[in-house]
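K.L.:
what's the 3D shape of this:
(chains A and B)
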Amino acid sequence: MMVSCFSRIMKFRVLLIVCFLSVAFGALAYTPSTGDLNVADAATKTRLEGGKKLFKSNCASCHAVDKDLTGPALMNVWERWESEDKIIQWVKNNSSLRASGDAYANKIFNDWKGSVMTGFPSLTNENVIDIIDYVRAETANPGFLNAGATAPAVGAAVAPSGTSSNTMWWLIAALLAILAYGLSVISNKLKDVVDEKEGNFVADKRTALQKIFTPRVKSALKLFTILFLGAWLVKSAIGLGRLQGYQPTQPIKFSHQLHVGQNKIECQYCHSGVEKSRHAVIPSVSVCMNCHKYVQKGPKYGKTEIAKIYKHSGWDPEKGAFVNAPKPIEWVKVHNLPDHVYFNHSQHVKVGGIACQTCHGNIQEMEEVKQFSPLSMGWCINCHRQSEVQFANNDYYSIFEKYHDDIKSGKKAKVTVEDIGGTECQKCHY
Amino acid sequence: MARITKIVFVALLVTSLLSSCIRNYKNPGREYMPDMAHSTAYDASTLNPVFKDSVTNQKAPAGSIGRGKFIYSIANTPEGYELAGSTIKNPFVFSKEEIDGEGKKLYTVNCAICHGTEGDGNGHLPSIDKFPQPPSYFGDALANLPEGKMYHSVMYGKGMMGSYASQIDHRERWLVIAYVRSMQNAKKGAGASPVSDTTKISK
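P.N.:
Numbers count the residues shown, from 1 in each chain, chains lettered A, B, ... in the order given. From the prediction side, this is the model:
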């Protein structure tokens, strides 16, 4: 009984292993097929690469291979038309093909609500066939031309700096303390031995604790604790209401590292108010939708985070239309200045020509935005004292005659923000 | 004396513990005198209980025109696109400095990411296959595009391009278009330059 049961289990396992191996071998043996085109052939590959280039520069703005954009998906386009010749005619001059009464040409035109496709008379017949063959190959095996290309490296997690050196210092301090204690024990023992030999040894009746906490040590400890706690208290009190390092959780996991660092989108594309107003402006959902109507999947969170934009903008990705009323996203404000301070972005960015990173840190590397600068008054004032104002050829400052004369006569090498009133109380507090 | 030391000692200990040494960077922490820190007036992006949708930044009432704003009355339809092409003209006169300075900057910030710094449609996003490549300004599709159609496209978007009406205003839209035109003219060569119809440099 036992034996037969055991063998049955074994048999089952062998079967499982065989299944697994066959699947694995099947996967290994599978070679990407791209229709009847042989990608391994160098000449074909070059032709397909040419087709891809033509596709990208001429067609991709309205067509994708696998989904409808402004125009229909190009997958299986060769089956929808009666001949390749007709496709070539359509691409080169679709309005004349429609005028000639071609049934399918007029059908697509009406299906796509009369939106006119641009004609491409400069493409040759071979060009169009190359594009179709590229689409054919791409349909059969998406991304075949990129095979072997490495995926772009996603920013590695940055280890918090300073931790390791701090630990090292604590270790050294602990070692030194142990050494000091050991030495003092040895020296005491030696002193006792000497005293005993010389005959003036008096037995110490104090307990071990009393030996350590002599009145002098006690008062030193008290002083030290008071100083330490006092410094701590002052530091914490100054820190109250200051939020350097503040990194709140946002409703959508928007990554500046991806959008600015990798995709190289300019800061002002979204923060379009930074040169015009006090606020840099948090972009409205419609700005997100400029790109995310098309980009429906992110590299890190897939569709979940982008789906939140769709929810707020009222966009239905299935229907490709706005179906609901938009609702603003409630972002959490990271940089909070108290109301009794006036700060203006346009004055600093447009007039002063300061880069965003000067105050906001390396935003292009932040997965989640955090407050980089202390935003304390000392921080503002320091910068105003050190920063040079671009004075030459600047109409804005032409009325400062004395400074212009001083610069001309060499009395003054540069004019700082402080010189033009940048540290006056009422510049920021009014 | 000893009593005073004790009191000071305990007071310091308690306050220090209260002010806490462990910072949680996910919450904003404590603040004193919040009355002076927070605006009593509603700020542009803060929640507003006065309005039904809780948004302070309300849209202008229907029919009103904001200062420096412009009402574009052509509809977002294929017919509107053609109409814009034949009727809308640049009302501004831009100097060469404006076009090459501010115009170029606006183009770099808003357009170059897809249309490319050179205007060939090979911007950074299409080049890394993240967004479809737009047509070149110098190819069949766009080389002879009337400026009115360009304006219409910036207002409403075209194909995969979204609307830029909220990001750049009336003057800036024409400035960007003037910059695109200047790139096209540079490509075509000074001979066949239709500069006068967009930039009106001649006085």
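
K.L.:
just give me the neighbour total for the spatially closest residue to B:A165 that is not a sequence neighbour.
P.N.:
Spatial nearest neighbour of B:A165, chain neighbours left out: B:M155 (5.2 Å); criterion: CB to CB, 6 or more residues apart in numbering or on different chains. For the C-beta atoms, the positions are set from N, CA and C on the backbone; glycine is no exception. A count of nearby residues for B:M155, using other CB atoms under 10 Å in any protein chain shown, gives 20.

K.L.:
which strand or helix spans B:M155?
P.N.:
Using DSSP states H and E, B:M155 sits within helix B:147-156.

K.L.:
for the stretch 201-350 of chain A, which spans come out with low pLDDT?
P.N.:
By pLDDT under 70, the low-scoring segments of the stretch 201-350 of chain A are A:201, A:203.

K.L.:
show me where it has helices.
P.N.:
Taking DSSP state H, counting those that start in this stretch, the helices of the stretch 201-350 of chain A run over residues A:208-212, A:215-239, A:256, A:267-270, A:285-292, A:304-313, A:345-346.

K.L.:
need the ones you listed in a markdown table (columns: distance to A:V77 and mean neighbour count).
P.N.:
Below are those laid out as a markdown table (distance: least, CB to CB, whole Å; neighbours: other CB atoms under 10 Å in any protein chain shown):
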| stretch | distance to A:V77 | mean neighbour count |
| --- | --- | --- |
| helix A:208-212 | 90 | 9 |
| helix A:215-239 | 65 | 13 |
| helix A:256 | 39 | 19 |
| helix A:267-270 | 34 | 21 |
| helix A:285-292 | 26 | 20 |
| helix A:304-313 | 28 | 18 |
| helix A:345-346 | 49 | 18 |
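
K.L.:
quick check: which of those is nearest to A:A173?
P.N.:
With CB to CB as the criterion, A:A173 lies closest to helix A:215-239 of the helices of the stretch 201-350 of chain A, at 14.8 Å.

K.L.:
now for that closest one, which elements pack on it?
P.N.:
helix B:2-19 (3 or more CB pairs under 8 Å, 6 or more residues apart in numbering or on different chains; DSSP states H and E).

K.L.:
model confidence over the helix it packs on, on average?
P.N.:
Averaged across helix B:2-19, pLDDT comes to 71.

K.L.:
so residue 113 is in which element?
P.N.:
With no chain named, the answer covers chain A. Using DSSP H and E, A:K113 falls outside every helix and strand.

K.L.:
wrong chain, I was asking about chain B
P.N.:
Here B:I113 sits within helix B:112-115, counting by DSSP H and E.

K.L.:
gap between that helix and the chain center?
P.N.:
Relative to its parent chain, helix B:112-115 has a centroid offset of 14 Å by CA atoms, centre = their mean, to the nearest Å.

K.L.:
do the following helix or strand past that helix and chain A come into contact?
P.N.:
Downstream of helix B:112-115, the next assigned helix or strand under DSSP H and E is helix B:124-127. Yes - judged by CB under 8 Å from any CB of the partner chain, helix B:124-127 and chain A are in contact via B:124-126.

K.L.:
wait, A:I252 touches A:Y310, no?
P.N.:
No - the pair A:I252 / A:Y310 is not scored as a contact, 11.1 Å apart, by CB atoms under 8 Å.

K.L.:
what sits against the residue nearest the centre of chain B?
P.N.:
Geometric centre of chain B, nearest residue: B:Q167, 2.8 Å, by CA atoms, centre = their mean. If a contact means CB atoms under 8 Å, 6 or more residues apart in numbering or on different chains, then B:Q167 has A:269, A:272, A:287, B:110 as its contacts.

K.L.:
can you check A:G422 too?
P.N.:
Per CB under 8 Å, 6+ apart, neighbours of A:G422: A:384-385, A:416.

K.L.:
and the gap between B:Y42 and chain A?
P.N.:
According to CB to the nearest CB, to the nearest Å, B:Y42 stands 12 Å off from chain A.

K.L.:
surely that residue meets B:N48?
P.N.:
Yes - the pair B:Y42 / B:N48 is scored as a contact, 4.7 Å apart, by CB under 8 Å.

K.L.:
shared neighbours, these two?
P.N.:
Contacts common to B:Y42 and B:N48, judged by CB under 8 Å, 6+ apart, are B:T56.

K.L.:
show me where chain B has its strands.
P.N.:
Read by DSSP state E, chain B holds no strands at all.

K.L.:
return the distance of stretch A:208-226 from the chain's centre.
P.N.:
Offset of stretch A:208-226 from its chain centre (CA atoms, centre = their mean): 53 Å.

K.L.:
stretch A:273-280 near chain B at all?
P.N.:
Yes - under the criterion of CB under 8 Å from any CB, chain B is reached by stretch A:273-280 at A:H279.

K.L.:
what about that stretch, start to end distance?
P.N.:
5 Å (CA to CA, to the nearest Å).

K.L.:
tell me which residues in it are buried?
P.N.:
A:273-276, A:279-280 (16 or more other CB atoms under 10 Å in any protein chain shown).

K.L.:
next one: stretch B:167-182
P.N.:
B:167-170, B:172-182.

K.L.:
nearest to chain A among those residues?
P.N.:
Using CB to the nearest CB, the shortest approach to chain A within the buried residues of stretch B:167-182 belongs to B:Q167, at 4.5 Å.

K.L.:
report pLDDT for the closest one.
P.N.:
pLDDT, the model's per-residue confidence, is 89 for B:Q167.

K.L.:
give me the phi and psi for it.
P.N.:
phi -90, psi -40 (degrees, to the nearest 10).

K.L.:
re the thing from before, so does the helix holding B:I113 get close to chain A?
P.N.:
Yes - contact of helix B:112-115 with chain A (CB under 8 Å from any CB) involves B:I113.

K.L.:
what's that helix in contact with?
P.N.:
Contacts with helix B:112-115, where a contact means CB under 8 Å, 6+ apart, come from A:263-266, A:269, B:121, B:123-126, B:131, B:133-134, B:137, B:161.

K.L.:
for chain A, what's the longest helix?
P.N.:
Ordering each helix of chain A by length in residues (DSSP state H) puts helix A:163-198 first.

K.L.:
now that helix, how far from the centre of its chain.
P.N.:
Distance, centroid of helix A:163-198 to centroid of chain: 50 Å (CA atoms, centre = their mean).

K.L.:
give me the buried positions along it.
P.N.:
Buried residues in helix A:163-198, counting neighbours by 16+ other CB under 10 Å, are absent.

K.L.:
which parts of the stretch 301-430 of chain A sit against chain B?
P.N.:
Checking the stretch 301-430 of chain A against chain B by CB under 8 Å from any CB, the hits are A:327-328, A:330, A:333, A:336, A:338-340, A:370.

K.L.:
drop anything exposed from those.
P.N.:
A:328, A:336, A:338, A:370.

K.L.:
pull the residues that contact the helix holding B:M155.
P.N.:
Residues outside helix B:147-156 that contact it (CB under 8 Å, 6+ apart): B:72, B:74, B:76, B:80-81, B:84-90, B:158, B:161, B:163-165, B:168, B:173-174, B:176-177, B:180-181, B:197-198.

K.L.:
centroid-nearest residue for chain A?
P.N.:
Short answer for chain A (CA atoms, centre = their mean): A:Q257, at 1.4 Å.

K.L.:
give me the neighbour count for the residue nearest to it when sequence neighbours are not counted.
P.N.:
Distances taken as CB to CB, 6+ apart place A:E367 nearest to A:Q257, at 4.9 Å, with adjacent residues excluded. Using other CB under 10 Å, A:E367 has 18 neighbouring residues.
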